[in-house]
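*Asks:* Okay, sequence plus prediction incoming.
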Amino acid sequence: METDILLVEKRDYVGTLVLNRPEKRNSLSPDLLVRIHQALEAFVQEDSVRAVVFRGTGDRSFSSGFDIASIPTDIPREIREKLRRQNPLELAIQSVVDFPYPTIAMLNGYAFGAGCELAICCDLRVAADDIRMGMPPAKLGVVYPLEGLMRFVQVLGFPKTKELFFTGRYYPAARAKEMGLVDYILPRQELEGFTYEMAGEIAGNAPLSVKGTKRILNMLSETITLSDQDLHEAKGIVAHAFNSEDLKEGQTAFLQKRKPVFTGR
């Protein structure tokens, strides 16, 4: 299967999903997110892929984040029903988390915003030593959704998640590894070979063992629960920020490539 925006490859029980929007720095449009979901669903149905590698086209960007300006086009009817319950980003991210076999983010370029979250929700992350990673919501006036924050907490812990989101910094590869954003950093020329050697090693193990272990680990990661009141409050906080003057200022400043002037309103 091959599309303009997502390339899907399979070889020896290893699947690869290539984010293929180089002109948009591999940003995650709603259409691309839906296709990620569909590709993973197809892998599940075939049950012939025991490890999945995510990567971006080119050598500059894994993914620059969510493409707010992109409008979804030809989305199948059954997917539209799912999107009534989850937005496209959450649909794709949850599909990665729930994929029964291990997933690896091969960070061949920078990963910002939703692109960073896509990497974090993978089971393993391998990066070239010249990449950068970061979460810029604080610079844009956005409160990141509860589900996304929880994924970072599960990987980084509370202290590093706080630093990541409070500062909005873009971190070089070495610091990203110190924080737990990536598991391995390698010279760029060694990145692909190392990643696919690991993917092949995983895919060559007993599938019931690997799949069962991932399922149980996912269960353990879901042990933190919030009350309905807390969930309602969290959603309200996110919605309030989306309707704020600071969000408009953050977006305008980003487009104008200047420092935003926030007022707290």
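*Replies:* Thanks, I have it.
*Asks:* Every contact and neighbour count from this point should use C-alpha atoms.
*Replies:* Will do.
*Asks:* quick one: low-confidence ranges for the stretch 101-250 of the chain?
*Replies:* Across the stretch 101-250 of the chain, the stretches falling below the confidence threshold (pLDDT under 70) are 224-226.
*Asks:* Test my guess that D183 contacts D129.
*Replies:* No: shown here, D183 and D129 do not form a contact pair, counting by C-alpha atoms under 8 Å, at 11.7 Å.
*Asks:* Neighbour count for these two, which is higher?
*Replies:* For D183 against D129, the residue with the higher neighbour count under other C-alpha atoms under 10 Å is D129, and the figures read 19 against 14.
*Asks:* Checking my notes, T16 in a helix, right?
*Replies:* No: the assignment for T16 is strand, going by DSSP: H, G, I helix; E, B strand; the rest coil, so no helix is present there.
*Asks:* just checking, it touches A39?
*Replies:* No: taking contact to mean C-alpha under 8 Å, the distance of 9.9 Å between T16 and A39 leaves them out of contact.
*Asks:* in the chain, which spans are strands?
*Replies:* Remark: strands assigned in the chain by DSSP state E are 6-11, 14-19, 51-56, 61-63, 103-107, 110-112, 124-128, 132-134, 170-172, 184-186.
*Asks:* now these as a markdown table including distance to L91 and mean neighbour count?
*Replies:* What follows is these, written out as a markdown table (distance: least, C-alpha to C-alpha, whole Å; neighbours: other C-alpha atoms under 10 Å):
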| stretch | distance to L91 | mean neighbour count |
| --- | --- | --- |
| strand 6-11 | 16 | 16 |
| strand 14-19 | 16 | 23 |
| strand 51-56 | 16 | 26 |
| strand 61-63 | 17 | 31 |
| strand 103-107 | 16 | 27 |
| strand 110-112 | 19 | 27 |
| strand 124-128 | 20 | 24 |
| strand 132-134 | 22 | 26 |
| strand 170-172 | 26 | 18 |
| strand 184-186 | 27 | 19 |
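*Asks:* In CSV, list those along with distance to S244.
*Replies:* Formatted as CSV, the strands of the chain follow (distance: least, C-alpha to C-alpha, whole Å):
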stretch, distance to S244
strand 6-11, 34
strand 14-19, 32
strand 51-56, 33
strand 61-63, 27
strand 103-107, 33
strand 110-112, 23
strand 124-128, 35
strand 132-134, 23
strand 170-172, 24
strand 184-186, 39
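*Asks:* Just tell me which of those ends up closest to D31.
*Replies:* When those are ranked by distance to D31, counting by C-alpha to C-alpha, first place goes to strand 6-11 at 9.6 Å.
*Asks:* Could you name the helices and strands sitting against that closest one?
*Replies:* Using 3 or more C-alpha pairs under 8 Å, 6 or more residues apart in numbering; DSSP states H and E as the contact test, the elements touching strand 6-11 are strand 14-19, helix 30-46.
*Asks:* What residues sit buried inside the longest one?
*Replies:* The neighbour-count check on helix 30-46 (16 or more other C-alpha atoms under 10 Å) flags P30, D31, L32, L33, V34, R35, I36, H37, A39, L40, F43 as buried.
*Asks:* now the first one: how far from N87?
*Replies:* Going from P30 to N87 by C-alpha to C-alpha, to the nearest Å gives 9 Å.
*Asks:* rewinding a little: between the strands of the chain, which one is nearest to F242?
*Replies:* Across those, F242 has its closest neighbour in strand 110-112 (19.2 Å, C-alpha to C-alpha).
*Asks:* Give me the sheet partners of that closest one and which way each runs.
*Replies:* Strand 110-112 has these partner strands in its sheet, going by DSSP bridges: strand 61-63 (parallel), strand 132-134 (parallel).
*Asks:* Lovely, talk soon.
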